[in-house]
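A.B. asks: got a predicted structure plus its sequence, pasted below:
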Amino acid sequence: MTRDEYDVVVVGARCAGAPTAMHLARRGYRTLLVDKATFPSDTLSTHLIHPPGVAALRSWGLLDRLTATGCPPIHTYAFDFGGLTLAGSPAFDGAPVAYAPRRTVLDKLLVDAAREAGAEVRESAERLSRAGRGDDASRER
């Protein structure tokens, strides 16, 4: 793939952009995934993968990779609102647990999956700009 031959450019390679690029690449789209960060890297997050997200990771073939990192499953939740605590299981059809991986683990796992699916990944990207002609593809500078 040459520098300007992409069907889609996905900007942002964390927990939304990387799976988007992965799915597009798996469907045969020439995909460029760019991020200003390098991976693995940390970011401020209160990230929790609820059971529907766990089911998505399973369907994408990525849940085993996550569990192989040693990230422990979460079997119960407790939300404390001061005078009221709500507790219970996060269970959902097909996914009885949740996970709370470090972003250094989750984001790298997702970026690697996008790359393996065929997306071109560019880390440490500073900016994108149009090439100058009306129908030119975007490119990194």
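C.D. replies: Cool, the structure landed.
A.B. asks: could I get the buried residue list for stretch 83-96?
C.D. replies: By neighbour count with 16 or more other C-beta atoms under 10 Å, stretch 83-96 contains the buried residues 90, 95. C-beta here means a position set from N, CA and C on the backbone, and glycine is covered the same way.
A.B. asks: so how far is the first residue of that stretch from its last?
C.D. replies: One end of stretch 83-96 sits 28 Å from the other (C-alpha to C-alpha, to the nearest Å).
A.B. asks: can you offset everything so residue one is 112?
C.D. replies: Sure, I'll start numbering at 112, so the last one becomes stretch 194-207.
A.B. asks: residues in contact with it: which ones?
C.D. replies: Stretch 194-207 has contacts (C-beta atoms under 8 Å, 6 or more residues apart in numbering) with 161-163, 165-166, 169, 185-190, 208-209.
A.B. asks: so how far is it off the chain centroid?
C.D. replies: Taking the mean of its C-alpha atoms, stretch 194-207 sits 24 Å from the chain's own mean (C-alpha atoms, centre = their mean, to the nearest Å).
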